[in-house]
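> structure for the following, please:
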Amino acid sequence: MDRTANLPNPALEKTSGWINGFIGVLIFSGSLPATRLAVLEFDPVFLTVLRAAIAGVLAVVLLGLFRQPRPARNKWLSLLIVALGVVLGFPLLTALALKHVTSAHSIVFVGLLPLATAIFGVLRGGERPRPVFWLFSILGSALVVGFALAQGLTASPTGDLLMLAAILACGLGYAEGAKLSRSLGGWQVICWALVLALPLMTIASVWLAPASFATISLPAWLSLGYVSLFSMLIGFVFWYRGLAQGGIAAVGQLQLLQPFFGLALAATLLHEQVSLGMLAVTLGVILCVAGAKKFAK
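Just a heads-up that it's a prediction; the model follows:
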């Protein structure tokens, strides 16, 4: 009997990681445009806690349906870090930032997220990419930021500081969640993080709820549905699995593509102006992602 038949194929595992990561990036690309639409009619803080509460209820159902055992005691601190980073920190800080800047402007900061994720992957995940990897990662981030500056986008110091804080919180949450996914599983990590935050998010949702929802439009409700179901839950199922399979630093570079997917959505849904130079910069970013992938290990 061939005992190697049941061993995982490293090359297939990495390919699967990049596919899962790409799907996660596509889903996350709609988060900031949807949040921008939602905060036009929902209070940013209320939107943050409500989306987490809705996703948390779904997480409880999923964990119960598949009879998932509770994580070991030594996993809860890491789950708390995930919850603070991606359940509370990033959604809240971006929602507050989008009261000051457009979604097109905020999406630009996502270009710094792969670098932040890679750094936290080294600090929290124990990864050691080759020096050339950092060259491609920094170059890709520089292309995204340079593209933003070339557009002449007006900035708000408050909005920019909030977005920078959001990127740091998200990068930490991504790296910590990916590390946990190796032992708990990708969808289980985000579900347990949501469950951990659920009591506080539920109480805050009731406390901050407006007196009436009569003035809320259908686009705002649909945006709330998207950020609750896809941005807060489904996207992480693919994303954490992809990071765990293909490596935090390597697969994290796929986020360099997210600003361009998001800008396309912003132009389509919100009619925000986007330069045609996006295509040329996107090509450069793709090359940087490919280079980072090659030298990640």
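> pLDDT weak spots in the stretch 1-150 of the chain?
For the stretch 1-150 of the chain, applying pLDDT under 70 flags the ranges 1-8, 103-104, 107, 148-150.
> which residues in it form helices?
In the stretch 1-150 of the chain, the helices defined using DSSP state H, counting those that start in this stretch lie at 10-29, 31-39, 44-65, 76-82, 90-97, 103-109, 113-125, 131-150.
> which parts of the last one are buried?
Think helix 131-150. Under the neighbour-count criterion of 16 or more other Cβ atoms under 10 Å, helix 131-150 has Phe133, Trp134, Phe136, Ser137, Leu139, Gly140, Ser141, Leu143, Val144, Phe147, Ala148 buried. Every residue, glycine included, has its C-beta placed from N, CA and C.
> elements contacting that helix?
helix 103-109, helix 113-125, helix 248-252, helix 278-294 (3 or more Cβ pairs under 8 Å, 6 or more residues apart in numbering; DSSP states H and E).
> rerun at 6 Å
With contacts taken as 3 or more Cβ pairs under 6 Å, 6 or more residues apart in numbering; DSSP states H and E, helix 131-150 sits against helix 113-125, helix 278-294.
> how far does it sit from its chain's centre?
19 Å (Cα atoms, centre = their mean, to the nearest Å).
> so what's Gly235 closest to, chain neighbours aside?
Sequence neighbours aside, Ile27 is the residue nearest to Gly235 in space, at 3.7 Å (criterion: Cβ to Cβ, 6 or more residues apart in numbering).
> what's the angle from the helix or strand that Val237 is a member of to helix 113-125?
Per DSSP states H and E, Val237 falls inside helix 235-246. In terms of direction (axes from the mean of the first three to the mean of the last three Cα atoms, to 10 degrees), helix 235-246 departs from helix 113-125 by 60 degrees.
> quick one: list the elements packing against helix 235-246.
With contacts taken as 3+ Cβ pairs under 6 Å, 6+ apart, helix 235-246 sits against helix 10-29, helix 157-184, helix 186-208.
> what is the orientation angle of that helix with helix 10-29?
When the same axes, to 10 degrees is applied, the directions of helix 235-246 and helix 10-29 differ by 150 degrees.
> skipping adjacent residues, who's closest to Leu198 in space?
Nearest non-adjacent residue to Leu198, counting by Cβ to Cβ, 6+ apart: Gly56, 3.5 Å away.
> report the contact partners of the one you found.
Leu194, Leu198, Met201 (Cβ atoms under 6 Å, 6 or more residues apart in numbering).
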